[in-house]
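> for reference, the sequence and a predicted model appear below.
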Amino acid sequence: MCVRSSATRWRSWPSCSWWSSSLSNRSRLAPIAGGPDPSEAPVDGYSVDIRTKAHRDADGRAVAVLDGLAFTMPHGTFTALIGPSGCGKTTTLRILTGLDTDFAGTVDPALGEARIAVAFQEPRLLPWRTVADNVALALPDEADKAARVAAALEDVGLGGLGERFPAELSLGQARRAALARAFAVKPDVLYLDEPFVSLDETSAQNLRALLLSLWARNPMTILMVTHNVREAIQLADQIVLLSERPAHVVDVVSVPLARNSRDSEAISGFAATLSRKYPTIVAL
Ligand SMILES: Nc1ncnc2c1ncn2[C@@H]1O[C@H](COP(=O)(O)OP(=O)(O)OP(=O)(O)O)[C@@H](O)[C@H]1O
């Protein structure tokens, strides 16, 4: 590890797509197939150790936001970041993606070298470009570009919608397009910030299944910020629990469930366990 400075070279930020939702307490979930089980996870990973990070308030005073945020994302696994509102989750993502270099601490230099993609709450598609052109934006100009775009759209169920404009898509379709754009670049690391917020539960669940299915076919390391502990349990290998601001890591919890056994009952059971142990962080 070394201290990342503003001189750190990042690969282009190929994808900015934001999608999201909430996994209702009452929803009946069947396990989603896809994604490696935790036991298959490799040991090596990307290390993050943000010692301090402050923002300035309106009067110019420093407000501590992060204070001891250390965790490792094992290569090829799915990490969920959960913490109270305003504790600094998005700030953490901005540091990891290289958008914010004004912090004290260390971030694994391999993260700076990795090909990354990011999906935001808002799909962030360029409205004047077609869906296909939005996906193409992230790709290098190579002979197979059109075929890669077509395959990426087909993979997310938008095979016939490439010539539409973003305004002609539903929110769920726009988030699929954003996913297509993220996966098309075959990133090493995918960052997701509350990717399923504002969708109805059925659409959100379909997108979660799509995410796991795409991930199963495209191995990569995923870090997802979410407020939704059930969603985290359903999708992640490990959950990083953050304190109130200034955030520090309270615990890193492995999800002790095979993916094909993560039905509503198992998810609720583990969520209740976490809530009992960390009542200020995991509210049900
Ligand atoms: N550019 C900024 N300037 C000043 N303060 C900021 C800035 N960005 C964020 N903050 C403050 O830093 C704190 C952490 O913000 P951040 O968005 O990282 O939290 P979060 O955990 O993602 O929040 P939420 O769960 O509500 O999405 C908040 O108090 C926020 O108001």
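All right, it came through fine.
> bridging residues for residue 242?
Judged by DSSP bridges, the bridge partners of residue 242 are residue 249.
> helix or strand: which one has the residue in the stretch 151-284 of the chain that the ligand sits nearest to?
Closest residue of the stretch 151-284 of the chain to the ligand, CB to the nearest ligand atom: residue 245 (5.8 Å). For the C-beta atoms, the positions are set from N, CA and C on the backbone; glycine is no exception. Secondary-structure assignment from DSSP states H and E places residue 245 in no helical or strand segment.
> name the residues of the helix or strand encompassing residue 239 that are buried.
Taking DSSP H and E as the criterion, residue 239 maps to strand 238-242. For strand 238-242, burial by neighbour count (16 or more other CB atoms under 10 Å) applies to 238-242.
> neighbours of the residue of the stretch 151-284 of the chain closest to the ligand, how many?
19 (other CB atoms under 10 Å).
> do I have it right that it meets residue 87?
Yes - between residue 245 and residue 87 a contact is recorded at 4.7 Å, counting by CB atoms under 8 Å.
> do you know how far the residue located most distally from the centre of the chain is from residue 267?
When distances to the mean C-alpha position of the chain are computed (CA atoms, centre = their mean), the maximum falls on residue 59, with 32.7 Å. The gap separating residue 59 from residue 267 is 44 Å, by CB to CB, to the nearest Å.
> looking at the protein, which helix or strand does the model trust least?
Sorted by mean pLDDT, DSSP states H and E, the helices and strands of the chain end with strand 16-18, the least confident at a mean of 32.
> next helix or strand past that strand?
Counting by DSSP H and E, the next helix or strand C-terminal to strand 16-18 is strand 45-56.
> elements contacting that following strand?
Under the contact criterion of 3 or more CB pairs under 8 Å, 6 or more residues apart in numbering; DSSP states H and E, strand 45-56 touches strand 62-74, helix 89-96, strand 104-107, helix 109-113.
> picking that back up, what packs against the strand holding residue 239?
Strand 238-242 makes packing contacts with strand 62-74, strand 78-82, helix 229-235, strand 249-254 when contacts are defined by 3+ CB pairs under 8 Å, 6+ apart.
> tell me the SS of residue 182?
helix (DSSP: H, G, I helix; E, B strand; the rest coil).
> and the pLDDT for it?
We have a pLDDT of 91 for residue 182.
> quick one: it from residue 155, how far?
For residue 182, the distance to residue 155 (CB to CB) stands at 11 Å.
> quick one: name the residues of the stretch 151-284 of the chain near the ligand.
Listed as neighbours of the ligand in the stretch 151-284 of the chain under the rule CB under 6 Å from any ligand atom: residue 245.
> sketch out the low-pLDDT regions of the stretch 151-284 of the chain for me.
The model of the stretch 151-284 of the chain has no residue with pLDDT under 70.
> if we go to 90?
Across the stretch 151-284 of the chain, the ranges flagged by pLDDT under 90 are 171-172, 179, 194-201, 203, 283-284.
> which residues of it fall in strands?
189-193, 221-225, 238-242, 249-254 (DSSP state E, counting those that start in this stretch).
> got the phi and psi for residue 99?
Dihedral angles of residue 99 (phi, psi; degrees, to the nearest 10) stand at phi -80, psi -20.
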